[in-house]
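Undergrad: Sequence and predicted structure, then a few things I'm wondering about:
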Number of protein chains: 2
Amino acid sequence: MRCMVLRELKNPLVAEQREPLQPAEGQAVVRLHAAALNRRDYWITQGMYPGIRLPVVLGSDGAGTVVRIGDGVPHHWSRQPVVINPGWNWGDDPRAQSGEFRILGMPADGTYAEEVVVPAEYLHARPDHLTWTEAAALPLGGLTAYRALFTQGQLRSGQSVLITGIGGGVATCAMQLARHAAGRVLVTSSSDEKLQRAGELGADAGYNYRQAGWARQLIADHGRVDLIIDSAGGEGYADLLELAAPGGRIVSYGSTAGKPGNLDLFKVFWKQLHVTGSTMGTPDDFRSMLELVQRQTIRPVVDQVVPLEKANEALEKMRDSRQFGKIVLAIDSSSQ
Amino acid sequence: MRCMVLRELKNPLVAEQREPLQPAEGQAVVRLHAAALNRRDYWITQGMYPGIRLPVVLGSDGAGTVVRIGDGVPHHWSRQPVVINPGWNWGDDPRAQSGEFRILGMPADGTYAEEVVVPAEYLHARPDHLTWTEAAALPLGGLTAYRALFTQGQLRSGQSVLITGIGGGVATCAMQLARHAAGRVLVTSSSDEKLQRAGELGADAGYNYRQAGWARQLIADHGRVDLIIDSAGGEGYADLLELAAPGGRIVSYGSTAGKPGNLDLFKVFWKQLHVTGSTMGTPDDFRSMLELVQRQTIRPVVDQVVPLEKANEALEKMRDSRQFGKIVLAIDSSSQ
């Protein structure tokens, strides 16, 4: 089976041909039709992730067909079209992942491959309304967005939501999931083009955070915001404390712009704010996300589909944040 | 009636004799037997509080007897021993106070006086088991501690709680309220004497935060903490992010040590933390606090009782954080 392997940090992935994978007890082998990129994959190639072990097949997102099952795996999984929950070994506490928590695609070999080994408990029937490409674009972004919005963010019907950095996979998925629950969905980006695209996809308004006074303008247009979903942090974080409505929530799932400057705790306590962290999600979060996606026939936004062998170019595009939505790798091009 | 008046910022309060107060419609006049100090009072004397209007009688905490009632006030309040909820005009949203929210004792004249005017809705029967002194020590600290622990902090039975800066009025009250709900109550102080006193009052362990490595030691002794109640912020805040258990909560109700340095958002999201602000509390918080105090016959810790006329010396003691628990002003010394 073909796969793209990270052998050395800061070097391109290398195409390899390997023997077909064999499932151990409780495992299934999924023949992948499509995989998708996540920023985590890029951080790993740069050595900016804890506990890196090489060589490794990257890739947390995949959709495909179960082709082999190990002992103890229910037979109904055979030939089943599936998506894979990439969050493994969450543990017993729904509040936070255990020390054993792992994400598919390092240390376990991931989805930039024709085949991947998956413990059966992380297999889920592919939502009927999704193509292989769309199904592959869903898992990590959908899971992260769902937990940030609902489990940690406690989004209530009618509330306003601000999603920063629209275009990123999680942000774009969050916009789609929030549309069906929130009263108003606002987005930010440094690109007017992305803001326009977000508007076409249903965002109620967009603000270019490079523009001075954007936060004041947002407040003038829409008032302060009940829930903010952010993965940037950095100096712009001070604006978020200002934008949050009294009693509002700011959920952070990343800090790509670095640490915020001095946190204004006075705003936090006087406004009774909730600054909450969120990473990935529980198996229940994953199931709830799939249910919402099916109920509302949500289709993840796919930026581009490229062949598996072009994974290196795809990673560069993601590094430069040129995408809007998910970059998908086509693995079995006959079945897109 | 006698009262202590702030006429000029950064100057001592001045003793005055005024005409007896008259209640307007819906108001009652309470003849105070005791009042208590809060850090807010000191900030106001220093001009470090928004919207200061002078002259003003300071004081948010008081207990006394209703002596006059205005039209529309139920007659059962007449001659009733009461404590006063100092958080006025919270508004309709339990998540956060409205723009109309005010705290008794600026702009409205407060409790450093023989009499105070109070809208009847903020009168509550004095808990039977409390002396006047103890009753006066309860309202603001109890309200703030209750909301921080339960409403915002979501304290669950059996969880561990860390309360920083023990000795302060809110912190000491939080320790007492938490004791009856939490599995374990830990405290910090810069004073070994205060830590010992906290131990006598039921804290399970205390740590001197001036001692290098105290946070590591706490983790070694007790593991990480489910809920942290903090009013310091500042550079020590980084320790709190480390001390919080995965999925844990840090509730801030003040920032006496200034803004925290760079907030480590990675810890916030990877550990799924909740950093929550809390100020004062709703009328429901106040009622729930009183119920808990009565049910568990909790007695607020009183550091010292001084006559009303010694309010200036009392404010200096509080400024220097020399107290453990509340400093109370005796107003009608015949009835302590």
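TA: Great, that's in hand. Note that the coordinates shown come from a computational prediction; the quantities given were computed from them, not determined experimentally. Residues are numbered from 1 along each chain as shown, chains lettered A, B, ... in the order given.

Undergrad: Could you check how far residue A:308 is from residue A:2?
TA: Distance from residue A:308 to residue A:2, counting by CB to CB, to the nearest Å: 7 Å. Glycine gets a C-beta too; all of them are placed from N, C-alpha and C.

Undergrad: Overlap of the contact sets of these two?
TA: With contacts taken as CB atoms under 8 Å, 6 or more residues apart in numbering or on different chains, the residues that reach both residue A:308 and residue A:2 are A:113, A:114, A:331.

Undergrad: Quick check: closest non-adjacent residue to the second one.
TA: Right, the one you point to is residue A:114. residue A:1 (4.0 Å; CB to CB, 6 or more residues apart in numbering or on different chains).

Undergrad: what's the domain layout of chain A?
TA: What the record gives for chain A is the domain set A:2-138+A:300-335, A:143-277, from automatic domain parsing.

Undergrad: so residue A:82 is in which element?
TA: Using DSSP states H and E, residue A:82 falls within strand A:81-84.

Undergrad: Which neighbouring elements make contact with whatever helix or strand comes next after that strand?
TA: Downstream of strand A:81-84, the next assigned helix or strand under DSSP H and E is strand A:87-88. When contacts are defined as 3 or more CB pairs under 8 Å, 6 or more residues apart in numbering or on different chains; DSSP states H and E, strand A:87-88 packs onto strand A:102-103.

Undergrad: picking that back up, wait, which of the shared contacts of residue A:308 and residue A:2 is closest to residue B:304?
TA: Checking the shared contacts of residue A:308 and residue A:2 against residue B:304 by CB to CB gives residue A:113 as the nearest, at 72.2 Å.

Undergrad: Kindly provide the distance from that closest one to chain B.
TA: 27 Å (CB to the nearest CB, to the nearest Å).

Undergrad: Can you get me a residue count around the nearest residue to that residue once chain neighbours are set aside?
TA: Using CB to CB, 6+ apart and skipping residues adjacent in sequence, the residue nearest residue A:113 is residue A:3, 3.4 Å away. Using other CB atoms under 10 Å in any protein chain shown, the number of residues around residue A:3 comes to 26.

Undergrad: swap in the one 10 residues further on?
TA: Taking other CB under 10 Å as the neighbour definition, residue A:13 ends up with a count of 24.

Undergrad: mind checking the SS state of residue A:268?
TA: helix (DSSP: H, G, I helix; E, B strand; the rest coil).

Undergrad: so what's the nearest residue to it once chain neighbours are set aside up against?
TA: Nearest non-adjacent residue to residue A:268, counting by CB to CB, 6+ apart: residue B:277, 3.8 Å away. For residue B:277, the contact set (CB under 8 Å, 6+ apart) comprises A:265, A:267-274, B:152, B:251-253.

Undergrad: how about residue B:277, phi and psi?
TA: Per-residue torsions, residue B:277: phi -100, psi 150 (degrees, to the nearest 10).

Undergrad: Now do the same for it: its pLDDT.
TA: Reading off the confidence values, residue B:277 has pLDDT 98.

Undergrad: which one of residue A:308 and residue A:2 has more residues nearby?
TA: Higher neighbour count among residue A:308 and residue A:2: residue A:308, with 24 against 14, using other CB under 10 Å.

Undergrad: OK, contacts around that one?
TA: Counting by CB under 8 Å, 6+ apart, residue A:308 touches A:2, A:4, A:35, A:112, A:113, A:114, A:329, A:330, A:331.

Undergrad: Let's see that with 10 Å instead.
TA: By CB atoms under 10 Å, 6 or more residues apart in numbering or on different chains, the contact list for residue A:308 reads A:2-4, A:13, A:15, A:32, A:34-35, A:59, A:111-114, A:314, A:329-333.

Undergrad: so of the residues you listed, which ones are in helices?
TA: Within the contacts of residue A:308, residues falling in helices by DSSP state H are residue A:314.

Undergrad: for chain A, what's the longest helix?
TA: As assigned by DSSP H, the longest helix anywhere in chain A is helix A:283-295.

Undergrad: which SS state does the residue of the stretch 151-300 of chain A found nearest chain B fall under?
TA: At 2.6 Å from chain B, residue A:247 is the closest residue in the stretch 151-300 of chain A, using CB to the nearest CB. Residue A:247 falls in the strand class when you classify it by three-state DSSP.

Undergrad: leaving aside the residues next to it on the chain, what's closest to it?
TA: Of all residues not flanking residue A:247 in the chain, residue B:95 sits nearest, at 2.6 Å (CB to CB, 6+ apart).

Undergrad: sorry, back to before: show me which of the shared contacts of residue A:308 and residue A:2 is closest to residue B:44.
TA: Using CB to CB, the shared contacts of residue A:308 and residue A:2 come closest to residue B:44 at residue A:113, 66.3 Å.

Undergrad: is it true that the closest one touches residue A:33?
TA: No. The pair residue A:113 / residue A:33 is not scored as a contact, 11.8 Å apart, by CB atoms under 10 Å.

Undergrad: out of these two, which sits in the busier spot?
TA: Taking neighbours as other CB under 10 Å, residue A:113 and residue A:33 compare with residue A:113 leading, 29 against 24.

Undergrad: just to revisit the earlier point, want to throw the shared contacts of residue A:308 and residue A:2 into CSV with pLDDT?
TA: What follows is the shared contacts of residue A:308 and residue A:2, written out as CSV (pLDDT from 0 to 100):
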residue, pLDDT
A:113, 98
A:114, 98
A:331, 97
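
Undergrad: Just those residues: which are in strands?
TA: Among those, the subset assigned to strands under DSSP state E is empty.

Undergrad: What distance do you get for residue A:60 to residue A:144?
TA: 10 Å.

Undergrad: Overlap in contacts, the two.
TA: The contact sets of residue A:60 and residue A:144 overlap at A:38, A:86, A:87, A:280 (CB under 10 Å, 6+ apart).

Undergrad: Which one of the residues you listed is nearest to residue A:322?
TA: Once CB to CB is applied, the member of the shared contacts of residue A:60 and residue A:144 that ends up nearest residue A:322 is residue A:38, at 15.5 Å.

Undergrad: didn't that closest one look like it was pressed against residue A:326?
TA: Yes. Shown here, residue A:38 and residue A:326 form a contact pair, counting by CB under 10 Å, at 8.5 Å.

Undergrad: Pull up the overlap in contacts between these two.
TA: Residues touching both residue A:38 and residue A:326 (CB under 10 Å, 6+ apart) are A:61, A:140, A:141, A:168, A:169, A:170, A:318.

Undergrad: near chain B, which of those show up?
TA: When those are checked against chain B using CB under 10 Å from any CB of the partner chain, none falls in range.

Undergrad: what's the most distant pair in these?
TA: A:61 and A:168 (13.9 Å).
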